[in-house]
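**Q** Have a look at this prediction, sequence included:
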Protein chains: 2
Amino acid sequence: MGTKGEGNRQRIIDAADNLFYRRGYNQTSFQDISDATGIPRGNFYYYFKTKDEILNAVVNSRITGLSVILNQCEAATDDARERLLLFSNMLEYRRDDVIESGCPIGSLSTELAKDDSDLREVSRQAFVLLRDWLKVQFASLGLPNADDLAMDLLAKLQGVTVMACAFKDVEFVNRSHREIKEWINAKTLN
Amino acid sequence: MGTKGEGNRQRIIDAADNLFYRRGYNQTSFQDISDATGIPRGNFYYYFKTKDEILNAVVNSRITGLSVILNQCEAATDDARERLLLFSNMLEYRRDDVIESGCPIGSLSTELAKDDSDLREVSRQAFVLLRDWLKVQFASLGLPNADDLAMDLLAKLQGVTVMACAFKDVEFVNRSHREIKEWINAKTLN
């Protein structure tokens, strides 16, 4: 695939990523993605044969984006507690998106939980990446229940997101973010 | 509407309720509901003109069901702390459903957050009922931040649900339920 082909492919992925997030996977059609990119549906099938293939590419793209963020947390400090605090800042810098449309990973997972099992498995991959990374951070601080803590932190973030999105409540996000940082400190500071 | 008419109407609501939960609102068609009830689509329009009307009826039906549960919690004990603990048991007796399909209220809210604002408003109503009831319980114990605690408890339950459903993890639900009960006790016992 040439440079133009790669460019078109990425434009399709980016448009689909945004539409899946803002409207939902099942509510997004090939035509919607075609409209958003300006790439005709005819050319479109050259890159992706099915919507499932686009979903795979979108999840991979999100995983790449998350990996960049996790790498930035690692590059910023050697202290795993500080890395966890930096990670929790996602609630702050994605706050408006969270209130408008929920968590891209959580809402996709919730939507596809109601679908067939292949799609479920794909949507879970981004959670697996985060869970593993958080577990490594907690474990590096000598905490024996690192995997439980990783799940707990993800559950806290998801819970805040669901309720903030339901009630469109900025102040709830701000307060919860402070409390999550306190929880991280309580678990990791001796 | 005669008894048979009421019976058909309720059968449509019950079938739609289950389909919205198991497949999602947008993935459920009139035809699906017709298939599930055996009521022909032609007769069907006699009861509901649009899917939005069915959604309204389903949310009202869920609110009625939740009200029964909340009334049972109130009837079981005068102690608000015990009522809150009883309420949290929803995680236990709906555990298999939660793992399979998430929370009916939370997943509908997440799905419809991506839709138009009228549907969002409808889907929020069940959360409003729970938030108000929880607030009353916390307030009756003299806690000044009762509304915050109500939101926090709902967020905890939603977070556990999203992660348990994503990872199909029974043990995570059991552990989280124990920790939520500890949290209720910590907040309400002096």
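**A** Received the coordinates, thanks. Numbering: from 1, shown residues only, chains lettered A, B, ... in the order given.
**Q** hey, let's count contacts and neighbours off CA atoms from now on
**A** Noted.
**Q** for chain A, which spans come out with low pLDDT?
**A** Judged by pLDDT under 70, chain A has its weakly predicted residues at A:1-2.
**Q** which bits of it sit near chain B?
**A** A:21-24, A:26-27, A:100-102, A:106-107, A:109-111, A:113-115, A:120, A:124, A:151, A:154-160, A:162-163, A:165-167 (CA under 8 Å from any CA of the partner chain).
**Q** let's see 7 Å
**A** Of all the residues in chain A, those in contact range of chain B (CA under 7 Å from any CA of the partner chain) are A:22-24, A:101-102, A:106-107, A:109-110, A:113-115, A:124, A:155-156, A:158-160, A:162-163, A:166.
**Q** Cross these against strands and list the overlap.
**A** Taking DSSP state E as the definition of strands, the residues of chain A next to chain B contribute nothing to them.
**Q** continuing past the helix of greatest length in chain A, what's the next helix or strand?
**A** Residue-count comparison of every helix in chain A, with assignments taken from DSSP state H, identifies helix A:51-76 as the longest. Along the chain past helix A:51-76, the next helix or strand (assigned with DSSP states H and E) turns out to be helix A:80-88.
**Q** That next one to helix A:51-76, inter-axis angle?
**A** Between the axis of helix A:80-88 and that of helix A:51-76 there is an angle of 140 degrees, by axes from the mean of the first three to the mean of the last three CA atoms, to 10 degrees.
**Q** buried ones in the helix or strand containing A:Asp118?
**A** Secondary-structure element containing A:Asp118, defined by DSSP H and E: helix A:117-140. Applying a neighbour-count criterion of 16 or more other CA atoms under 10 Å in any protein chain shown, the buried positions in helix A:117-140 are A:119-120, A:122-127, A:130-131, A:133-139.
**Q** could you dump stretch A:46-55 to PDB, C-alpha only?
**A** As requested, C-alpha coordinates have been extracted for stretch A:46-55 and formatted as PDB (Å, rounded to 0.1, in the frame of the first residue of the first chain):
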ATOM      1  CA  TYR A  46     -10.300  -1.800  -0.700                       C
ATOM      2  CA  TYR A  47      -9.100  -1.100   2.900                       C
ATOM      3  CA  PHE A  48     -11.700  -2.900   5.000                       C
ATOM      4  CA  LYS A  49     -14.100  -5.700   3.900                       C
ATOM      5  CA  THR A  50     -16.300  -5.700   7.000                       C
ATOM      6  CA  LYS A  51     -17.100  -3.400  10.000                       C
ATOM      7  CA  ASP A  52     -15.500  -6.000  12.300                       C
ATOM      8  CA  GLU A  53     -12.200  -5.400  10.500                       C
ATOM      9  CA  ILE A  54     -12.600  -1.700  11.100                       C
ATOM     10  CA  LEU A  55     -13.400  -2.400  14.800                       C
END
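**Q** isn't A:Glu74 right up against A:Glu82?
**A** No: at 9.3 Å, A:Glu74 and A:Glu82 do not qualify as touching, with contact defined as CA atoms under 7 Å.
**Q** Kindly provide the distance from the nearest residue to A:Ala80 once chain neighbours are set aside to chain B.
**A** What sits nearest to A:Ala80 in space, not counting adjacent residues and going by CA to CA, 6 or more residues apart in numbering or on different chains, is A:Gln137, at 5.2 Å. Per CA to the nearest CA, to the nearest Å, A:Gln137 is found 19 Å from chain B.
**Q** Give me the residue at the spatial middle of chain A.
**A** Centroid-nearest residue in chain A: A:Ile105, 3.8 Å away (criterion: CA atoms, centre = their mean).
**Q** Next, the contact list for it, please.
**A** Shown here is A:Ile105, whose contacts under the criterion CA atoms under 7 Å, 6 or more residues apart in numbering or on different chains are A:Ala126.
**Q** before we move on, what about the one 3 residues further on?
**A** A:Leu108 makes contact with A:Ser123 under the criterion CA under 7 Å, 6+ apart.
**Q** Around the closest residue to chain B within chain A, count how many other residues there are.
**A** When distances are taken as CA to the nearest CA, chain A reaches nearest to chain B at A:Gly159, 3.6 Å away. A count of neighbours around A:Gly159, defined by other CA atoms under 10 Å in any protein chain shown, yields 28.
**Q** Excluding covalently adjacent residues, which one is nearest to it?
**A** Beyond its immediate neighbours in the sequence, the residue positioned closest to A:Gly159 (CA to CA, 6+ apart) is B:Gly159, lying 3.6 Å away.
**Q** any idea how far A:Phe44 lies from B:Val160?
**A** Using CA to CA, to the nearest Å, one obtains 39 Å as the distance from A:Phe44 to B:Val160.
**Q** Could you do A:Asp116 as well?
**A** A:Asp116 sits at a distance of 22 Å from B:Val160 (criterion: CA to CA).
**Q** more crowded one of these two?
**A** More neighbours surround B:Val160 than the other of A:Asp116 and B:Val160, with 31 against 10 (other CA under 10 Å).
**Q** related to what we said a few turns ago, could you list the buried residues of the longest helix of chain A?
**A** Judged by neighbour count (16+ other CA under 10 Å), helix A:51-76 contains these buried residues: A:54-63, A:67, A:70, A:73-74.
**Q** what is the orientation angle of it with helix A:117-140?
**A** Between the axis of helix A:51-76 and that of helix A:117-140 there is an angle of 10 degrees, by the same axes, to 10 degrees.
**Q** Show me what helix A:51-76 is packed against.
**A** Helix A:51-76 is packed against helix A:3-23, helix A:80-88, helix A:117-140, with contacts defined by 3 or more CA pairs under 7 Å, 6 or more residues apart in numbering or on different chains; DSSP states H and E.
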